[in-house]
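*Asks:* My questions concern the predicted model and sequence given below.
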Amino acid sequence: MAGHSHWAGIKHKKGIADKKKGKVFSKWAKQIISAARKGGGDPSMNLHLKYAIEKARASNMPKDKIERAIKKGTGELEGGDLTELLYEGYGPGGVAILAEILTDSRNRTFSEIKKIFEKRGGNIGATGCVAWMFESKGFITVEEGSIGEDDLMELAIEAGATDLETESGLFQITTEPLLFDKVKGFLEEKGIKLQGAEITRIPKSYVPLDASTGKKTLSLLDELEDHEDVQNVHANFDLPDDSGAEG
């Protein structure tokens, strides 16, 4: 799909999570709490915790805040009572949207997320309405120009990646979830600077949008991303790079 933009690439390129540091730290803290609660407080034995800590450090989250979040997750401190939810819905043009939630108030969060959808021309759907359109994949991005595409492709294949595409000024590498850590580590060992790396949900197919509908969709996704309880947002639109909607 070279020459087109997908949400996964756009949000990495725009660095949406860096808009408001206070909210960013709150999001990372919740991810750390949730990971520690489910898998323990040792990142060497808990990959989800390891990835959450890496994201927090990449955003310059203070060490003491990270340690406090881990202790909340393991029960050493109060405040680790979070509910993990997945809201499914549709945006303008019929775009499928998934929002991963961590909240201490299910009713409050649902009301606020529902309002965002409706205000931006979308609607929340029933459980299971769009989740089947996505599959879990490792997703690694590298800035174009930092390495040649052929060289990166060779390294990615050697490491076990399944695909490499060029979108939104980024090389986008996908992997099977179980091979994500291996591929990420291999590329880092080879001196490749990674712009982003995470296990995420990749659409199985895409809905093409024009520039006008694309702008409306991005406004909805931006506002969802900015909500403190929203950890990740996934969408299955396809937008031409020259549409102007990304700006």
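*Replies:* Perfect, I can see it now.
*Asks:* For this structure, which segments count as helices?
*Replies:* 7-14, 21-39, 47-58, 63-74, 106-119, 149-159, 180-189, 211-226 (DSSP state H).
*Asks:* Need the ones you listed in CSV (columns: distance to G138 and mean neighbour count).
*Replies:* C-betas here are computed from N, CA, C, even on glycine. Shown next, in CSV, are these (distance: least, CB to CB, whole Å; neighbours: other CB atoms under 10 Å):
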stretch, distance to G138, mean neighbour count
helix 7-14, 12, 22
helix 21-39, 17, 20
helix 47-58, 10, 19
helix 63-74, 23, 19
helix 106-119, 27, 15
helix 149-159, 11, 15
helix 180-189, 3, 18
helix 211-226, 21, 20
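*Asks:* Now render those as a markdown table, adding mean pLDDT and distance to A235.
*Replies:* As requested, the helices of the chain are exported to a markdown table (pLDDT from 0 to 100; distance: least, CB to CB, whole Å):
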| stretch | mean pLDDT | distance to A235 |
| --- | --- | --- |
| helix 7-14 | 72 | 4 |
| helix 21-39 | 87 | 18 |
| helix 47-58 | 89 | 20 |
| helix 63-74 | 95 | 28 |
| helix 106-119 | 96 | 12 |
| helix 149-159 | 94 | 25 |
| helix 180-189 | 94 | 21 |
| helix 211-226 | 93 | 6 |
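*Asks:* With respect to G94, which of those helices lies nearest?
*Replies:* helix 211-226 (9.4 Å; CB to CB).
*Asks:* before we move on, the earlier item: which one, of the helices of the chain, ends up nearest to Y90?
*Replies:* Nearest to Y90, of all these, is helix 106-119, at 8.2 Å by CB to CB.
*Asks:* Next, the angle helix 211-226 makes with the closest one.
*Replies:* Between helix 106-119 and helix 211-226, the angle comes out at 160 degrees (axes from the mean of the first three to the mean of the last three CA atoms, to 10 degrees).
*Asks:* Compute the distance from the centre of helix 106-119 to the centre of its chain.
*Replies:* Here helix 106-119 shows a centroid-to-chain-centroid distance of 20 Å under the convention CA atoms, centre = their mean, to the nearest Å.
*Asks:* for that helix, packing partners?
*Replies:* strand 83-90, strand 96-103, strand 123-124, helix 211-226 (3 or more CB pairs under 8 Å, 6 or more residues apart in numbering; DSSP states H and E).
*Asks:* Not counting that helix itself, show me its contacts.
*Replies:* Identification of contacts with helix 106-119 by CB atoms under 8 Å, 6 or more residues apart in numbering yields 83, 85, 87, 89, 91, 97, 99, 101, 103, 123-124, 220, 223-224, 227, 229-230.
*Asks:* and the longest strand for this protein?
*Replies:* Among the segments of the chain that qualify as a strand by DSSP state E, the longest is strand 134-143.
*Asks:* Which parts of that strand count as buried, going by neighbours?
*Replies:* Neighbour-count burial for strand 134-143, counted by 16 or more other CB atoms under 10 Å, picks out F134, K137, G138, F139, I140, T141, V142.
*Asks:* Mind giving me the packing neighbours of that strand?
*Replies:* Packing partners of strand 134-143 (3+ CB pairs under 8 Å, 6+ apart): helix 7-14, strand 170-175, helix 180-189, strand 196-203.
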